[in-house]
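J.: Here's a sequence, model it:
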Amino acid sequence: MLSSLPEIPAAFILRHARTTGKLSSIAPATVEGMSGTAEVLESRPNPGRGCLAARTTSGTLCFVYFLTGRSEASRNRVLVRLGNGDVAVQGRSSGADRDPLRHYIAAASRGPWVVVGNGDQVVPIADALAYGADLLTAWSTHTYEPDAPIYTTRICLALNTAAVDGGPVIGYARRSARADHAPDRVIWSLGHVADGSGSLMTTYDSTGADVRASSTPQDIRTTSDSVAGVLDEVWSALDPTLRVAAFALDPSDVDATFTTRQ
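T.: Predicted coordinates:
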């Protein structure tokens, strides 16, 4: 199977979590053994931006995205649903200059694909997947942010809503520790997400002023029975002095379930 993958310019990891995959087998975690959403987020008071794929206790899959900010410019942002359904992170002031690292499309639906993420990679990935590209190819041109010295990780969630057996995917591009610092592009396939569980990827795994990029997603437990309830779990766990905005949606019914906090 590995030999059939397209040749790509940087390292990829494809993992099938909670199911037995052909590339790797990862032992499933029990919901009881997972940390709660609040516990995980409160352990990293400066999480940056975050993507959560979770299933409510009543069985609904949802995507949650949030953004926090320390500077005035980072905090001066709002979520806006555009006419085509995309969700944009925009400056609060209409005349504010666009900063590509702060202002971007955070959610896009293209064909059967729904993609959520923290930067300008979201629309190109959604477009590529809708045109038939595989996940590896769709990720192959994207890299971490050029915000030295942090080099923030690019993160995203993706789901093919037309796939009968398909599960959500967490993708991220991080700065490697190799001499050339080429990006590691990681695709983390969740497989089936059990009721009351999920996986969270934040850009930072840090406390206070100690900012460091996160390395992997973390499994979490949710006690909420609705999409809005999962969003509230996340929102209430974020530091009120840093949180900026968040949204949640059911990828299979975005229009009916899209909910924000800001």
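J.: right, and Asp184 touches Gly171 too?
T.: No. Contact between Asp184 and Gly171 fails when scored by C-beta atoms under 8 Å: they sit 11.3 Å apart. The way it works is simple: take the backbone N, C-alpha and C, and place the C-beta from them, glycine included.
J.: which one of the two has more residues nearby?
T.: Set Asp184 next to Gly171 and count neighbours by other C-beta atoms under 10 Å: Gly171 wins out with 26 against 20.
J.: backbone phi and psi for the more buried one, please?
T.: Main-chain dihedrals, Gly171, degrees, to the nearest 10: phi -120, psi 140.
J.: ok, it - contacts?
T.: Contact analysis of Gly171 by C-beta atoms under 8 Å, 6 or more residues apart in numbering lists Gly117, Ile125, Leu135, Trp139, Ile155, Cys156, Leu157, Ala158, Arg185, Val186, Ile187, Trp188.
J.: give me the beta-bridge partners of it?
T.: As for beta bridges, Gly171 partners with Cys156, Ile187 under DSSP bridges.
J.: hmm, back to that, can you lay out the contacts of Gly171 as CSV showing neighbour count and distance to Val244?
T.: Supplementary listing: the contacts of Gly171 in CSV, determined by neighbours: other C-beta atoms under 10 Å; distance: C-beta to C-beta, whole Å:
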residue, neighbour count, distance to Val244
Gly117, 29, 16
Ile125, 26, 23
Leu135, 19, 29
Trp139, 29, 26
Ile155, 27, 16
Cys156, 28, 19
Leu157, 25, 19
Ala158, 27, 23
Arg185, 25, 27
Val186, 22, 26
Ile187, 19, 27
Trp188, 21, 25
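J.: Nearest to Ser226 among those?
T.: Leu157 (18.6 Å; C-beta to C-beta).
J.: Do I have it right that the closest one meets Arg49?
T.: No. Contact criterion C-beta under 8 Å: Leu157 and Arg49 do not qualify, at 11.9 Å.
J.: list residues touching both of these two?
T.: Common neighbours of Leu157 and Arg49 (C-beta under 8 Å, 6+ apart) are Tyr65.
J.: Point out where the stretch 51-200 of the chain drops to low pLDDT.
T.: 95-96 (pLDDT under 70).
J.: show me where it has strands.
T.: In the stretch 51-200 of the chain, the segments counted as strands under DSSP state E, counting those that start in this stretch are 61-68, 77-81, 87-91, 104-110, 113-117, 154-160, 169-175, 183-189, 197-202.
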